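In: Could you work out the structure for the sequence below:
(chains A and B)
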Amino acid sequence: MDPLRAQQLAAELEVEMMADMYNRMTQACHRKCVPPLYKESELSKGECVCLDRCVAKYLEVHERMGKKLTELSLQDEELLKRMQQGSGSA
Amino acid sequence: MDPAAEHRQQLRSLRDFLLVYNRMTELCFRHCVCSLNYRLLTGREESCLDSCAARLVRANHRLMSAYVGLVPALLQRRAAEHGAAGPPAVPGPAPGPAAPSPDAPGAGT
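Out: This next block holds a predicted model:
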């Protein structure tokens, strides 16, 4: 597979994942900030502020989880490498 | 495995990993972020998120090891049953999930 095609596929995957993240965020923030009371069609000021903060927090959580996952994967890789070296020298 | 198939496999693994990442974010956000009075994460929320991430990754590893341990016996049993009954009408499911990509949390505890 040529590098350009690989790049294109990776970009498509990223877009798909961002869309998935967006959908989950929408669902989560709606659940947290918009109570299921449908008397009024307008959002209250409190609900608007809640949604703004929810989005900010969700994106921060997303970033934090990414860093944590990378950290844990690196730790696992290190452990695996050490185990392989240990079994190789034994 | 030819390079194209290997690349497709890698892409599938990466896709799985990214989906797990998104699901983890949603789950941990739901459980750890309770108050939306502030824009920034509190210390309590941060430590909850760190613990949540680590627990989910370890649970995933354990699940994977258990699955990998149990599936061969299950498939053997299924094959034996089909062999005794005759050829199956519908082909069985593909054995096992896609192997994790190199940058995904490695298997093993």
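
In: Tell me where the longest helix sits in chain B.
Out: The longest helix of chain B (DSSP state H) is helix B:43-85.

In: Show me what from chain B comes close to chain A.
Out: B:3-4, B:7, B:11, B:14-15, B:18-19, B:21-26, B:28-30, B:32-33, B:36-41, B:46, B:49-50, B:53-54, B:57, B:102-106, B:108 (Cβ under 8 Å from any Cβ of the partner chain). All C-beta atoms are positioned from the backbone trio N, CA, C, and that covers glycine.

In: Just the ones of the residues you listed in helices?
Out: B:3-4, B:7, B:11, B:14-15, B:18-19, B:21-26, B:28-30, B:32, B:46, B:49-50, B:53-54, B:57.

In: Quick check: end-to-end length of stretch B:26-41?
Out: 15 Å (Cα to Cα, to the nearest Å).

In: can you give me the mean pLDDT across that stretch?
Out: Averaged across stretch B:26-41, pLDDT comes to 92.

In: Buried residues, it. List them.
Out: B:Glu26, B:Leu27, B:Cys28, B:Phe29, B:Arg30, B:Cys32, B:Val33, B:Leu36, B:Leu41 (16 or more other Cβ atoms under 10 Å in any protein chain shown).

In: Pick out the most distant pair among those residues.
Out: Taking Cβ to Cβ as the measure, these span a maximum distance of 17.5 Å, between B:Leu27 and B:Leu36.
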